[in-house]
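Asks: Sharing a model that was predicted from the sequence below.
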Amino acid sequence: MANNIPNIPGGAPSIPGGAPSIPGGTPSIPGGTPSIPGGTPSIPGGAPSIPSGTPSIPGGAPSIPGGAPSIPGGAPSIPGGAPSIPSGAPSIPGGAPSIPGGATKQTLEAEKRKADEERRKAEAEKQKADEEKRKADEARRKAEAEKQKAEEEKRKVEADKRKADEARRKAEAEKQKAEEAKRKAEAEKRKADEEIRKAREAQRRAEEEKNKAQEAMREEAIRKAKEEAHYEQLGKKVLIGIVVILLLIAGGVYLMFSGDDEETSDESVVSVVDYNDKSASDYDKILEESAADYEKAMEQAVGEYEKAMEQATKAMDDAMNEVASSVSDPSVKITINPDLDIKKQLEVYFDYVYSLDSDGFYKIQKDDKYGLATAKGVVVTAPKYDYIYSKDSQGLIKVQKDDKYGFLNSKGAEVLKPQFDYFYSVDSESGLMKVEKDDKYGFLNPKTMKLVTPCVYTYIYSLDGGLYKVEQGDKTGYLNKDGSVFKKPE
């Protein structure tokens, strides 16, 4: 092939003005020269060597007749200017390897392609690293979300536990309240049975006393009548005897001095005997009259006794009405006739009147408010409460007004103004009543109606070992059996 190379006379033509330059200079690579991972690539077998010296053309360089030909119009120009290298020519750290005799165009293009491939790999690695970082951040955010969710679940479980404890405490309180109500009902039943028994016994004794009194009065009247009749009969007998004696004496004297015959004497004796028979008849008549007088006296005595009992009963009722009137509510002015139906009369003044309850009160209602009236119609509590409950085991009547609770005593008088949110059952061991106000707890003495423990505790537990455990926020303390502080919450 070398033998076919033509000889150029005068040598290789030169390009006038030298080699063309790239306009704007060598382009730069944005972002700096990319590094080639693994270092600068080596050429297998080392850089190719070019035989030193200029190769000689056998027979010498051919000469061009007439001299070196000239290029018409000067050096040819590259259309569109010198070609630019996309993204700039990559720089190789440490400098481009030198190839003896100069780099060929193919070598430069190969190096450029290799540099581009390495750059793409570097960018892919960077994208992969960014994706891994993004995934790590996402996993961290997910882990934090799971942690927050777990903490929220924990708080929810704790809240549910507190709620369950509170529900359990309330259930225990309701159970105690139900048991207390049951005991109260049983006690009330026993009390009612005892009262009925006592009433029947009193009625029986009263009947016996009445019968004994009537019998005693009857026996006394009979004794007196018999005694009077006896003395009267004895007096009459004595009187008759004296009269007979006097008549006999008089007859004897008369016979002695008159000298009448025997017939006259016989007539006198007959007259005396007739007089004795008449006296006996009068005595029987007197006895009959005395018996009639006794029966009449007994009837009169019984009538007087019954009249006295009726007057005593009326006097007792009047006294009870007078006492009841002394504690009536002065804000209610009504007139009640005790001889008429009490409930019907109360219905004239109020919107509704409930039947007489076991506590001895009529519950009265006016304008959706409730009050109390006694069995005699005396209004002891004006209608001013939203609701009135039945009497409890302490003899107290719970009332409600504006969602607050208070107490009336057994007579219907207000002893504790409605101010608490809830009343719990009285502790049978300490005698104290737990009360609730604005979600805080304290103790009330139901006998004195004094607040012995202020409502400052978030919860009060049941009495244990003579002490009440209390909570105040996140602090714990203890109270004595009487409600005083044993140990301050800390």
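Replies: Okay, I see it.

Asks: Let me see the mean pLDDT of whichever strand or helix holds Arg162.
Replies: Here Arg162, judged by DSSP states H and E, is contained in helix 105-258. Per-residue pLDDT over helix 105-258 has a mean of 81.

Asks: from what I can see Lys404 touches Leu416, true?
Replies: No: with contact defined as Cβ atoms under 8 Å, Lys404 does not reach Leu416; the gap is 10.5 Å. No exception for glycine: its C-beta is placed from N, CA and C like everyone else's.

Asks: returning to that earlier point: by contact count, what packs against the helix holding Arg162?
Replies: The elements that helix 105-258 packs onto, with contact taken as 3 or more Cβ pairs under 8 Å, 6 or more residues apart in numbering; DSSP states H and E, are helix 262-326, strand 422-426.

Asks: any idea which of the ones you listed scores lowest on pLDDT?
Replies: Among the helices and strands packed on helix 105-258, helix 262-326 scores lowest, at a mean of 59.

Asks: Give me the buried stretch members for stretch 416-433, please.
Replies: If you call a residue buried by 16 or more other Cβ atoms under 10 Å, then stretch 416-433 has these buried ones: 416, 418, 420, 423-427, 430, 432-433.

Asks: end to end, how far does that stretch reach?
Replies: Stretch 416-433 has its terminal residues 13 Å apart, counting by Cα to Cα, to the nearest Å.

Asks: Show me the domain layout of this structure.
Replies: 202-322, 333-398, 421-490 (automatic domain parsing).

Asks: quick one: which of the buried residues of stretch 416-433 is nearest to Leu234?
Replies: Val426 (77.4 Å; Cβ to Cβ).

Asks: so the closest one makes contact with Ser393?
Replies: Yes: counting by Cβ under 8 Å, Val426 touches Ser393, with 7.5 Å between them.

Asks: shared neighbours of the two, which are they?
Replies: Shared contacts of Val426 and Ser393 (Cβ atoms under 8 Å, 6 or more residues apart in numbering): Glu180.

Asks: what residues does stretch 171-180 touch?
Replies: 393, 424-426, 462.

Asks: Lys487: how many residues sit nearby?
Replies: For Lys487, the neighbour count with other Cβ atoms under 10 Å is 13.

Asks: What helix or strand is Pro383 located in?
Replies: Using DSSP H and E, Pro383 falls in strand 379-385.

Asks: which residues sit against that strand?
Replies: With Cβ under 8 Å, 6+ apart, strand 379-385 has contacts from 324, 327-329, 331-332, 334, 350, 361, 364-367, 369-374, 388, 399-401, 408, 411-414, 418.

Asks: Give me the buried subset of those residues.
Replies: So, by 16+ other Cβ under 10 Å, the buried ones in the contacts of strand 379-385 are 324, 328-329, 332, 350, 361, 364, 366, 369-374, 388, 399, 401, 408, 411-412, 414, 418.

Asks: Now, those residues that are in strands?
Replies: 361, 364, 366, 369-374, 388, 399, 401, 408, 414, 418 (DSSP state E).

Asks: What is the nearest of the residues you listed to Arg140?
Replies: Pro418 (58.0 Å).

Asks: can I assume the closest one is in contact with Gly406?
Replies: Yes: taking Cβ under 8 Å as the definition, Pro418 is a contact partner of Gly406 at 3.7 Å.

Asks: Now do the shared contacts for these two.
Replies: Val399.

Asks: okay if I get the buried residues of stretch 416-433 as JSON lines plus distance to Arg162?
Replies: Formatted as JSON lines, the buried residues of stretch 416-433 follow (distance: Cβ to Cβ, whole Å):
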{"residue": "Leu416", "distance to Arg162": "31"}
{"residue": "Pro418", "distance to Arg162": "29"}
{"residue": "Phe420", "distance to Arg162": "23"}
{"residue": "Phe423", "distance to Arg162": "23"}
{"residue": "Tyr424", "distance to Arg162": "19"}
{"residue": "Ser425", "distance to Arg162": "23"}
{"residue": "Val426", "distance to Arg162": "26"}
{"residue": "Asp427", "distance to Arg162": "23"}
{"residue": "Ser430", "distance to Arg162": "26"}
{"residue": "Leu432", "distance to Arg162": "25"}
{"residue": "Met433", "distance to Arg162": "24"}
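
Asks: May I ask which two of those residues are separated the most?
Replies: Pro418 and Ser430 (24.2 Å).

Asks: For the nearest residue to Val379 once chain neighbours are set aside, give its distance to Asp368.
Replies: Excluding the flanking residues, the one nearest Val379 by Cβ to Cβ, 6 or more residues apart in numbering is Val332, at 4.2 Å. Look at Val332 and Asp368: by Cβ to Cβ, to the nearest Å, they are 17 Å apart.

Asks: And for Val243?
Replies: 95 Å.

Asks: Compare those two and say which is more crowded by neighbours.
Replies: Using other Cβ under 10 Å, the more surrounded residue of Val243 and Asp368 is Val243, with 14 against 9.

Asks: ok, back up a step: closest one to Asp339 out of the ones in strands among the buried ones among the contacts of strand 379-385, please.
Replies: Once Cβ to Cβ is applied, the member of those that ends up nearest Asp339 is Thr374, at 16.2 Å.

Asks: and that closest one, what is it in contact with?
Replies: With Cβ under 8 Å, 6+ apart, Thr374 has these contacts: 324, 360-362, 380, 412.

Asks: what do you get for Ser462?
Replies: 172, 468.

Asks: what kind of secondary structure is it in?
Replies: Here Ser462 is strand, with the state taken from DSSP: H, G, I helix; E, B strand; the rest coil.

Asks: Now do it, the pLDDT please.
Replies: pLDDT, Ser462: 90.

Asks: what do you get for the one 4 residues further on?
Replies: Gly466 carries a pLDDT value of 88.

Asks: Nearest residue to it in space, please, no chain neighbours.
Replies: Lys481 (5.4 Å).
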